[in-house]
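Enquirer: Show me how the following folds:
(4 chains)
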Number of protein chains: 2
Amino acid sequence: MGQGSTARAVSEHVSDWITEGRLLPGAKVSDTAVATELEVSRNTVREAFRLLAHDGLLVHEFNRGVFVPLVTSADVRDVYRLRRVIEPAVVRSLSAADVHRLGPLQAAVGAARTASRRRDWPGVGTANMHFHRSLVALAGSPRLDVMMRRLTAELRLLFAVIDDPRFLYQPFVKRNRELLALMAKGRFEEGAGFLEAYLVDSEGAIVAAFEEKEQSA
Amino acid sequence: MGQGSTARAVSEHVSDWITEGRLLPGAKVSDTAVATELEVSRNTVREAFRLLAHDGLLVHEFNRGVFVPLVTSADVRDVYRLRRVIEPAVVRSLSAADVHRLGPLQAAVGAARTASRRRDWPGVGTANMHFHRSLVALAGSPRLDVMMRRLTAELRLLFAVIDDPRFLYQPFVKRNRELLALMAKGRFEEGAGFLEAYLVDSEGAIVAAFEEKEQSA
DNA sequence: GCATATTTGTCCGTATGTATA
DNA sequence: CTATACATACGGACAAATATG
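Expert: Purely as a prediction, here's the structure:
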């Protein structure tokens, strides 16, 4: 039974299916089908679905079933509107004492660089998300952490639609490093402004890729 | 089966029990007990618990059970830290076109005034929460709405601990009205600053009441 | 529009594992 | 350490709602 709950293991599976593109946005996810495939009880699968719905990776419509959410460019804009409010505010709220707590950010930047050298673009994507999650974690707010976890989960959903994420991530590996350097010097106000411009550019790139997709569809 | 799901009906019941003080913070909520009392299945109760945990009104610890969260003054500060980031940012993001969309805020202010005259302090509290939820709704962000719903749900949890919420709400009925007046004139930047000071004072009052409670306990 | 088949929501009883007295 | 209580997980079952022919 592993170390966690079975329901959590099932949720990991389904989560992977979404990021791997096996489950496309809008697809219905049948609890019985998942139950037979993973050889667990239907009740357990339903529990797993609740966990995923909690993070926004599935939506539950009463008496109709659970579905992979349909994401549009409007959703991209909404997610980034929140990021632009939250992340710079976190950087601005830091003080000199926090300079010595940047370890996780350093690690994420390093992971992004090695993944980039290996042309492992999904790896770059996960490292990027670790960077931003660790950044928000610096605020020390449990509620902000769960909000950011939900947002990054939705970002995974967004990126699953885009087939070639290389040009979306690669430019931002460098900017993560630059932001980290500013923070390490305690220049938080400057870093917050840098991050704001960063997020605006990132949103623009993703929205563009998205609307291109929407055209073709 | 009613109009919604039975699970939702059960969640409403338990939610009421918490606000009514029948379930105190830290209390364990047994699924079997709730199931027998409301005459529904344990499975359905567990579903209801998931819904409530999603809004932060219950916490789920693996292999231990479900509990009403223990709230401390640190939680009060955390909730208000988020409110101070989110709410002023919303006000700042508004434009002249939004002046004609303040109807729900007007209604909430009116409800607060009549409830205050009737010395219906819980009524004042709910009107106050409607005011702030409607304020955030002006941003037109679905994700921000669910975040705010979660925060207001937790505020209900906080206020359930305080027996006399009169002096906590009464001073802010007037300030809600003043903030609304500023927004109606399109003075959003000024309103954002006003709201920030407002939230600082509100936090101070609630933290004080809370630490008084913690002393006696 | 109707009858049918599928799916979902809900329930029960039980077995197994985990935490706590 | 043992024993008790409890939580997780299972599989089967049925009614209601939905989708399908």
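
Enquirer: Remind me what the helix or strand where residue A:181 lies packs against, helices and strands.
Expert: Residue A:181 is part of helix A:166-184 when elements are defined by DSSP states H and E. Judged by 3 or more CB pairs under 8 Å, 6 or more residues apart in numbering or on different chains; DSSP states H and E, helix A:166-184 is in contact with helix A:103-117, helix A:121-137, helix A:188-216. All C-beta spots, glycine's among them, are computed from the backbone N, C-alpha and C.

Enquirer: Distance from the chain centre to it, please.
Expert: In terms of CA atoms, centre = their mean, to the nearest Å, the centre of helix A:166-184 is set 16 Å apart from its chain centre.

Enquirer: Quick check: phi and psi on residue A:66?
Expert: Here is the backbone geometry of residue A:66 (degrees, to the nearest 10): phi -110, psi 150.

Enquirer: Which strand residues bridge it?
Expert: Beta-bridge pairing for residue A:66 (DSSP bridges): residue A:29, residue A:60.

Enquirer: can I assume it is in contact with residue A:53?
Expert: Yes: using CB atoms under 8 Å, residue A:66 is in contact with residue A:53, at 7.0 Å.

Enquirer: Compare neighbour counts for these two and give me the winner.
Expert: Neighbour tally, residue A:66 and residue A:53, criterion other CB atoms under 10 Å in any protein chain shown: the higher count belongs to residue A:66, 21 against 18.

Enquirer: Count the residues that sit near residue A:183.
Expert: Around residue A:183 there are 24 other residues, counting by other CB under 10 Å.

Enquirer: Grab the nearest non-local neighbour of it.
Expert: Spatial nearest neighbour of residue A:183, chain neighbours left out: residue A:191 (5.1 Å); criterion: CB to CB, 6 or more residues apart in numbering or on different chains.

Enquirer: which residue does chain A bring closest to DNA strand C?
Expert: Taking CB to the nearest atom of the strand, DNA strand C has its nearest neighbour within chain A at residue A:65, 3.3 Å off.

Enquirer: Report the contact partners of that residue.
Expert: By CB atoms under 8 Å, 6 or more residues apart in numbering or on different chains, the contact set of residue A:65 is A:28-31.

Enquirer: Just give me the closest of these to chain B.
Expert: Nearest to chain B among the contacts of residue A:65, counting by CB to the nearest CB, is residue A:31 at 13.0 Å.

Enquirer: Could you check how many residues crowd around the closest one?
Expert: 18.

Enquirer: Ok, residue A:184 next?
Expert: By other CB under 10 Å, neighbour count at residue A:184 equals 14.

Enquirer: Am I right that it is in contact with residue A:103?
Expert: No: counting by CB under 8 Å, residue A:184 stays clear of residue A:103, with 11.0 Å between them.

Enquirer: re earlier: and the contacts of residue A:65, which are buried?
Expert: Among the contacts of residue A:65, those scoring as buried are A:29, A:31 (criterion: 16 or more other CB atoms under 10 Å in any protein chain shown).

Enquirer: ok so, going back, in a markdown table, list the helices and strands packed on helix A:166-184 along with distance to residue B:35 and mean pLDDT.
Expert: Converted to a markdown table, these look like this (distance: least, CB to CB, whole Å; pLDDT from 0 to 100):
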| stretch | distance to residue B:35 | mean pLDDT |
| --- | --- | --- |
| helix A:103-117 | 42 | 95 |
| helix A:121-137 | 37 | 92 |
| helix A:188-216 | 45 | 90 |
